[in-house]
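>>> Give me a model of this one.
(chains A and B)
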There are 2 protein chains.
Amino acid sequence: MDATDISREPWKEIEDALDRGDTQQIRTIIESRSNAELTQAVGRLHYQARQRLALSLPPRDMVKFLHKADPLVSAPLLALMKPENAALAVAGVREDIRQSVLKNLPDGDSRIIMASLSPAERKAIQRRLSYLTNSAGALMTSHFVSHSIDATVGDVIDKLRKNAEEYADYEVQYVYVLGENEKLEGVLRLRDLLFKDARNPVREAMIAEPAQCHPEASLEEMIAFFEERAFFAVPVVDGQSVMLGIVSRKIVLRAATVRANNTMMKLHGIIGGEEYRSMPLGTRSLRRLSWLTVNIFLNLLAAGVIVLFEDTLLRVISLAAFLPIISDMSGNAGNQAVAVSLRELTLRLIRPAEFGYVLLKESALGLINGLALGLLLGIMALIWKGNLWLGLVAGGALAINTIVAVCAGGILPLALRRLKVDPALVASPVLTTVTDVSGFLFTLGFATLALDWIA
Amino acid sequence: MDATDISREPWKEIEDALDRGDTQQIRTIIESRSNAELTQAVGRLHYQARQRLALSLPPRDMVKFLHKADPLVSAPLLALMKPENAALAVAGVREDIRQSVLKNLPDGDSRIIMASLSPAERKAIQRRLSYLTNSAGALMTSHFVSHSIDATVGDVIDKLRKNAEEYADYEVQYVYVLGENEKLEGVLRLRDLLFKDARNPVREAMIAEPAQCHPEASLEEMIAFFEERAFFAVPVVDGQSVMLGIVSRKIVLRAATVRANNTMMKLHGIIGGEEYRSMPLGTRSLRRLSWLTVNIFLNLLAAGVIVLFEDTLLRVISLAAFLPIISDMSGNAGNQAVAVSLRELTLRLIRPAEFGYVLLKESALGLINGLALGLLLGIMALIWKGNLWLGLVAGGALAINTIVAVCAGGILPLALRRLKVDPALVASPVLTTVTDVSGFLFTLGFATLALDWIA
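As a prediction, the model looks like this:
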């Protein structure tokens, strides 16, 4: 069998090839399978098979593999290789991928690999790692085509033609025109080269003072940049206008997608914003457990309120059935507001300081929805026990607590952002604690006040 | 003041211009402000100001506005315009935006506007609307450059040069080569035009049998397509290879980002996957309330379990404090698994049929985390009341219920996907109901069995 059989599970194919010691076949699989399939394949391999794969894969095949599969599952393979082979593979990997590969390695392994790189490569990687995640400096690549300003359009076309093979990987759209000391002077678009006479000097054909950004530019700034303009890439320059690299629209949009997914994961208590089932069980378990453990301690606060009111509960035991409803419903109502605030913060529709605006919008909504839900629960309680006061206590508590929850949920992400805490990871557990404590206080407090009528 | 003052809130500027009746200034604002600022501005305008804006804006300015601001906030402005002006504006809008504009209008308004369009335009829009959301047919644009196959490279360059102004908007990367009956025969890349001799026939310079897709292709298929290839766009053809349009990488990535955000919003109970605080209060309130109302009925199932065990609760009232903890913790643990499954489904790392794999992975994790959390809660109960049996009941119930929750959370999104129900919107409430019912059953059931030792 010299072609891969697409109908088969890719990880079973790799296992078979490993069993036969057929490294040529593994190379064929890496070349023919899609990125998603390779990511899935490694995720599904048993630990021993993964180890055998890492030990038998030549560095140049590992490079191909790292270019295709998600670094989150592919990087750990490096830690299983011989260090000198791993270093060779890392050195061969495209620089924009290299960083995420190293980030997904345990510290010890990345140190060993870094140590075996050349000083120049090490320095380049370290400079890259020093930029904030998702800043222009972290997302830029040095795979761009440049030309000196003292030339003609024909010279540029000749250079492109001569290096067509090398540039094929670059998705060339622009040629950056550099002056003295690599300073960015202008940009030539492919179509400019096509439409202008070859004898024209570059200086006249180029777009001078082109759009550019600094390596500190944030993902939000770059998203806004590409939304306003139909460009394929933006050059990154330092304070002296020296060209450092380019950030492509593609990379920016991918980073935005990854971030949106991470937010979703964090909101559901996945620390770090990412988990694949192919990660080691211990890692997955610990990540999830650390968030849950914080939650259990937060829960004690709410449980404490119930303990305070045990006497009331003993006299009106049917209240016990209302407590989880009020806790769950307020949590739900508040989390809706959390999601809307997170989204509006990301889209920059609101600023972290606009408490007043959010409060205004959410209190009106909380009032309507609180009254509606409270009325519903109140009627249910009235029908169940035939006691108007019980209906008033349960319905009133849910109504008021929904207002509290919706307002708190709307404001919390803003407050956390101002405190430089990640709202996606923290807003939901803090909100639930607040709404549980207040919800139980309202329910059991009102019940205590109305005890003579409902007991 | 003839330039806009960037330091001012854009909606205040619009309000001022409306007060002065200065439509020229409003045009300047639309041209100079960013997309995000315009979206925000309209969102923040009071209803009356929005109405005045809609009535005073000439259709051609409305077109500019629709090209920049998010259709979700800009489309409703059309409903406030005179119908004939609204129709003019819709007819002038770029076709890939027109569809989302019409989708965001109330049915009545979009019917009136559709009726005033020419039959050809109406037919084109209706065909567009007939494709599934996020399919290639829905995302494609007819803004592409084509040329007949019987020509030379020089002819194509001449056509590009002559129409340079019109094509400036198109972000031209490829020229599609069409044969008889508009059948797609090949693709010319800009760089091919640049590097090849002008006298070459197109037939030889083009890439024959180029990558293509059908209008039914899903967003997942297109994401996978662009992940594998460095293309800027893919041509869409019908069953007879007739070219219908192109789908650009940019549109696909944007659709993927929007969908990731929608998933996050739906997971938090925002029906439709989107809410801006600038939407009318009634719409926001109803959307959130409809999801909450379903939840309150689901909650009754869990409350019913508590009612069944009222006698046990009366004898061991301290159990009341444990119920919300067990409900909250199991819900949290299960929702972590929901998030991981949703993500792996989206990334196609798992298929909806792989229950066994997910169960295998989640049961192991559930066992570890269940034991850890159960032990923690058990020890807390033991310390609080000095009763070993109470610790065993509370800890044991949480341990077992965490396993149930994690397994159910992992499987639920797969099952819902197979049933063609949107897991993002439904998984969380169904999961919480299941884990509440089972959690209360375990806690109160175990307590009833051990009643003589813990009472």
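
>>> how many other residues sit next to residue A:284?
Counted with other C-beta atoms under 10 Å in any protein chain shown, the neighbours of residue A:284 add up to 23. The way it works is simple: take the backbone N, C-alpha and C, and place the C-beta from them, glycine included.

>>> List the buried residues for whichever strand or helix holds it?
Assessed by DSSP states H and E, residue A:284 sits inside helix A:281-308. Within helix A:281-308, the residues scored as buried using 16 or more other C-beta atoms under 10 Å in any protein chain shown are A:284-285, A:287-289, A:291-292, A:294-296, A:298-299, A:302-303, A:305-306.

>>> Kindly identify which of those also come near chain B.
Restricting these to those within reach of chain B (C-beta under 8 Å from any C-beta of the partner chain) leaves A:284, A:285, A:288, A:289, A:291, A:292, A:295, A:296, A:299, A:302, A:303, A:306.

>>> how distant is the helix holding residue A:284 from the center of its chain?
Chain-centre distance of helix A:281-308: 24 Å, with C-alpha atoms, centre = their mean, to the nearest Å.

>>> Quick check: next helix or strand after that helix?
Counting by DSSP H and E, the next helix or strand C-terminal to helix A:281-308 is helix A:310-315.

>>> and that next one, which residues are buried?
Applying 16+ other C-beta under 10 Å to helix A:310-315 flags A:312, A:313 as buried.

>>> ok now do residue A:10, which residues does it touch?
Contacts of residue A:10 were listed using C-beta atoms under 8 Å, 6 or more residues apart in numbering or on different chains, and they are A:4, A:29, A:33, A:37, A:38, A:40, A:41.

>>> Which of the buried residues of helix A:281-308 sits closest to residue A:357?
Ranked by distance to residue A:357 (C-beta to C-beta), the buried residues of helix A:281-308 are led by residue A:298 at 28.4 Å.

>>> By mean pLDDT, flag the weakest helix or strand of chain A.
The helix or strand of chain A with the poorest confidence is helix A:164-167; it has a mean of 72 (mean pLDDT, DSSP states H and E).

>>> just checking, next helix/strand downstream of it?
Using DSSP H and E, the first helix or strand after helix A:164-167 is strand A:174-178.

>>> what about that following strand and chain B, touching?
No. Strand A:174-178 is not in contact with chain B by C-beta under 8 Å from any C-beta; minimum separation 11.2 Å.

>>> looking just at contacts, which helices and strands does that strand meet?
Judged by 3 or more C-beta pairs under 8 Å, 6 or more residues apart in numbering or on different chains; DSSP states H and E, strand A:174-178 is in contact with strand A:145-148, strand A:184-189, helix A:190-195, strand A:243-248.

>>> try 10 Å
With contacts defined as 3 or more C-beta pairs under 10 Å, 6 or more residues apart in numbering or on different chains; DSSP states H and E, strand A:174-178 has these neighbours: strand A:145-148, helix A:153-162, strand A:184-189, helix A:190-195, helix A:202-205, strand A:207-208, strand A:233-237, strand A:243-248.

>>> in its sheet, what does it sit against?
Here strand A:174-178 is paired, per DSSP bridges, with strand A:145-148 (parallel), strand A:184-189 (antiparallel).

>>> what would those look like in TSV with mean pLDDT and mean neighbour count?
TSV is the format used below for these (pLDDT from 0 to 100; neighbours: other C-beta atoms under 10 Å in any protein chain shown):
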stretch	mean pLDDT	mean neighbour count
strand A:145-148	92	17
strand A:184-189	93	20
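
>>> TSV please, covering these and showing distance to residue A:382.
Formatted as TSV, those follow (distance: least, C-beta to C-beta, whole Å):
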stretch	distance to residue A:382
strand A:145-148	75
strand A:184-189	72
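
>>> Go through the ones you listed and name the closest to residue A:413.
Minimum separation from residue A:413 across the strands paired with strand A:174-178 (C-beta to C-beta) falls at strand A:184-189, 38.2 Å.

>>> from memory residue A:125 sits against residue A:111, does it?
No. Residue A:125 sits out of contact with residue A:111 when judged by C-beta atoms under 10 Å, with a separation of 11.9 Å.

>>> Just want to know which of these two has more residues nearby.
residue A:125 (20 against 11).

>>> which ones are touching the more buried one?
Counting by C-beta atoms under 10 Å, 6 or more residues apart in numbering or on different chains, residue A:125 touches A:90, A:91, A:95, A:98, A:99, A:102, A:110, A:113, A:114, A:117.

>>> Helix or strand: which one has it?
Per DSSP H and E, residue A:125 falls inside helix A:119-130.
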